[in-house]
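Enquirer: Pasting a predicted model and its sequence here:
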Amino acid sequence: MTEPYVALTDYGLSLECLVFLFLLAPVQLFRGARFWFFVFYSSLAASSLIGGTVHGFFEQPSFFGNRILWPMTMLGIGVTALAGAQAAKELLDLKSALADLLIYGAFCVYCGVVLFINSSFLIAILGYLPAIFILGFALIKNYFRTRSKPFLFGFLGLSVILFASAIQQAKILDASQRNVMYHLLQAVGLFMIFTTARATEENVRS
């Protein structure tokens, strides 16, 4: 492995997301925000698995790693952002064709940038920032409406992921250390968001 710790923490994220998928699947899967949280964790599991493979075995420039696997990782992150925005729309009970147009339009623009202009990880972070802010707003609004703690945990989890993203881009550590820290903090944030996903169906309509 070229970057064993980065690859292993990526694989750990993928395994964590698979566990969350198993726990989310049995209850009312194909409805509302819970469905979009299922897509959220599915895409994260896939992108983490592929990203770990790139870091572990294709870090050196190669056609397969750079032209196939890495863009797949980036597109998977785009699906995660799309799912987060759609979950926020469901939590806000927003029935709007315009909102869908903006969400899917932004996803298409992101895919175009990744495939034809720039596939650096900074683009992924910039791509999912709007979804984090929108989902954060939806979670905190539902928390103040219901006083249900899972919504607050989810909001705090998003804050942890924002902090992890800042560390990933900081230059105070080398690239491998930044990525490992990013993955470890992301694992904590994703667990906190999972508590929201598990409670969504009971709380959003209460």
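Expert: Good, I have the coordinates.

Enquirer: From the chain's centroid, how far away is stretch 120-131?
Expert: 10 Å (C-alpha atoms, centre = their mean, to the nearest Å).

Enquirer: Could you list the buried residues of it?
Expert: Within stretch 120-131, the residues that count as buried by 16 or more other C-beta atoms under 10 Å are 121, 123-125, 127-128, 130-131. Quick note: C-beta positions are derived from backbone N, CA and C, even for glycine.

Enquirer: Same check on stretch 95-105?
Expert: Here stretch 95-105 shows 99, 103 as buried, counting by 16+ other C-beta under 10 Å.

Enquirer: likewise stretch 165-181?
Expert: Buried residues in stretch 165-181 (16+ other C-beta under 10 Å): 165, 167-168, 176, 178-181.

Enquirer: out of these, what pair is the most spread apart?
Expert: Farthest-apart pair in the buried residues of stretch 165-181 is 165 and 176; separation 16.7 Å (C-beta to C-beta).

Enquirer: Show me the helices in the chain, by range?
Expert: Using DSSP state H, the helices assigned to the chain run over residues 4-24, 32-57, 70-91, 97-116, 121-146, 149-169, 175-203.

Enquirer: Now tabulate those helices in JSON lines and tack on mean pLDDT and distance to residue 64.
Expert: Listed next are the helices of the chain as JSON lines, based on pLDDT from 0 to 100; distance: least, C-beta to C-beta, whole Å:
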{"stretch": "helix 4-24", "mean pLDDT": "95", "distance to residue 64": "16"}
{"stretch": "helix 32-57", "mean pLDDT": "94", "distance to residue 64": "9"}
{"stretch": "helix 70-91", "mean pLDDT": "96", "distance to residue 64": "10"}
{"stretch": "helix 97-116", "mean pLDDT": "96", "distance to residue 64": "16"}
{"stretch": "helix 121-146", "mean pLDDT": "96", "distance to residue 64": "19"}
{"stretch": "helix 149-169", "mean pLDDT": "96", "distance to residue 64": "24"}
{"stretch": "helix 175-203", "mean pLDDT": "90", "distance to residue 64": "20"}
